[in-house]
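Novice: Here is my input; please provide its structure:
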Amino acid sequence: MSKPLSRQPATTLRDASGHIVMLDTVTRDYSTPTHTVRALRGVSLEIDHGQLVALRGRSGSGKTTLLNMIGGLDRPTSGRVHVTGVDITDLGDADLVRMRRDNIGYIFQTFGLIPILSAAENVEIPLRLLGVSREERSERSRVLLELVGLSDRAKHRPHELSGGEQQRVAIARSLANRPSILIADEPTGQLDSHTGRSIMNLILALARSEDVAVVVATHDTTLIDLADRVLDLLDGEIVTDSGQRARN
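Specialist: Just a heads-up that it's a prediction; the model follows:
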């Protein structure tokens with residue numbers, strides 16, 4: 001099955017950097033009745049294909065806001081955001097929805113599986129939204145469940161799966177439409193340390209094999225050493241960036 005054709009609008013601006021993600025001096029402010037909260041403070045960042053980037057920082061440091069910027073779920077107060085070579089900063093809502101659908105995969109802490117659907121049917125959801133044929137959906141689901149080691153659990157519903165198995169289904173679903181970027185917000189937060197490490201090793205392997213950029217927010221220090229880069233956030237700023245590590 002070939003990747004669905006991009007539906008990005010022709011009027012968007014394109015950069016020639018080759019980076020899959022590029023943020024240029026991005027700020028994000030939130031207003032409250034009494035004051036303004038600056039969640040991001042002039043963040044500039046470049047991420048390449050196949051790179052696993054970990055965001056580290058205490059609650060309120062800006063990790064989730066940064067993920068939302070990269071994933072097109074929020075807009076900057078100032079600065080520019082480029083994703084897959086497209087300046088998404090001023091895209092309309094419909095174009096942003098298409099961009100997310102075609103280019104971004106999401107992995108959540110709470111798995112987000114639909115209880116009445118089987119594992120295979122959950123994996124197929126993004127492909128249904130794209131109008132992919134039943135035969136192609138079924139084959140892509142089969143391949144992905146095999147990749148995450150759940151071929152024999154395809155017909156099981158979420159309540160029949162362990163937490164680690166549910167997260168594996170969620171990972172397979174996030175890859176269904178062959179995204180360029182995976183965004184993971186505390187993906188191992190509900191798992192024990194052994195299962196969490198297994199899940200992160202799986203995400204890393206898939207990032208390599210599918211040439212997907214992965215950006216993950218995590219508090220789990222045992223998983224940090226698996227990343228190519230570790231970004232430390234404090235009060236909305238990147239205070240340290242380990243840079244690209246050598247790949248095995």
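Novice: Ends of stretch 41-59, what's the gap?
Specialist: 16 Å (C-alpha to C-alpha, to the nearest Å).
Novice: quick one: that stretch to chain centroid distance?
Specialist: Distance of stretch 41-59 from its chain centroid, counting by C-alpha atoms, centre = their mean, to the nearest Å, is 12 Å.
Novice: Stretch 216-228 too?
Specialist: Distance of stretch 216-228 from the chain centroid (C-alpha atoms, centre = their mean) equals 14 Å.
Novice: buried residues in that stretch?
Specialist: 216-218, 220, 223-224, 226-228 (16 or more other C-beta atoms under 10 Å). To be clear about C-beta, it is placed using only N, CA and C from the backbone, and glycine gets the same treatment.
Novice: quick one: average confidence on it?
Specialist: On average, the pLDDT along stretch 216-228 is 80.
Novice: Residues contacting that stretch, please?
Specialist: For stretch 216-228, contacts defined as C-beta atoms under 8 Å, 6 or more residues apart in numbering pick out 51-56, 63-64, 66-67, 183-189, 193, 196-197, 200-201, 203-204, 230, 242, 244-245, 247.
Novice: can we see that at 7 Å?
Specialist: With contacts defined as C-beta atoms under 7 Å, 6 or more residues apart in numbering, stretch 216-228 is touched by 51-56, 63-64, 67, 184-188, 193, 196-197, 200-201, 204, 230, 244-245, 247.
Novice: which phi and psi does S44 have?
Specialist: phi -120, psi 140 (degrees, to the nearest 10).
Novice: shouldn't it be in contact with V21?
Specialist: No: contact criterion C-beta atoms under 7 Å: S44 and V21 do not qualify, at 11.3 Å.
Novice: neighbour-wise, which of these two wins?
Specialist: A count of neighbours by other C-beta atoms under 10 Å puts V21 above the other of S44 and V21, at 24 against 12.
Novice: Tell me if I'm right that that one and V81 touch.
Specialist: No: counting by C-beta under 7 Å, V21 does not reach V81; the two are 8.1 Å apart.
Novice: quick one, strands of this protein?
Specialist: Using DSSP state E, the strands assigned to the chain run over residues 21-31, 36-47, 52-56, 78-83, 86-87, 104-108, 181-185, 213-217, 229-234, 237-241.
Novice: how about these in CSV, adding distance to I114?
Specialist: Conversion of the strands of the chain to CSV gives the following (distance: least, C-beta to C-beta, whole Å):
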stretch, distance to I114
strand 21-31, 29
strand 36-47, 30
strand 52-56, 28
strand 78-83, 27
strand 86-87, 30
strand 104-108, 13
strand 181-185, 19
strand 213-217, 23
strand 229-234, 32
strand 237-241, 36
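Novice: ranking those by mean pLDDT, which is last?
Specialist: Ranked by mean pLDDT, the strands of the chain end with strand 104-108 at the bottom, a mean of 88.
Novice: and that one, how far out from the chain's middle?
Specialist: On C-alpha atoms, centre = their mean, the centre of strand 104-108 falls 4 Å from the chain's centre.
Novice: just stretch 103-111 next, same as before
Specialist: 6 Å.
Novice: Confidence-wise, which helix or strand of the protein is lowest on average?
Specialist: Least confident helix or strand of the chain, by mean pLDDT, DSSP states H and E, is helix 193-210 with a mean of 80.
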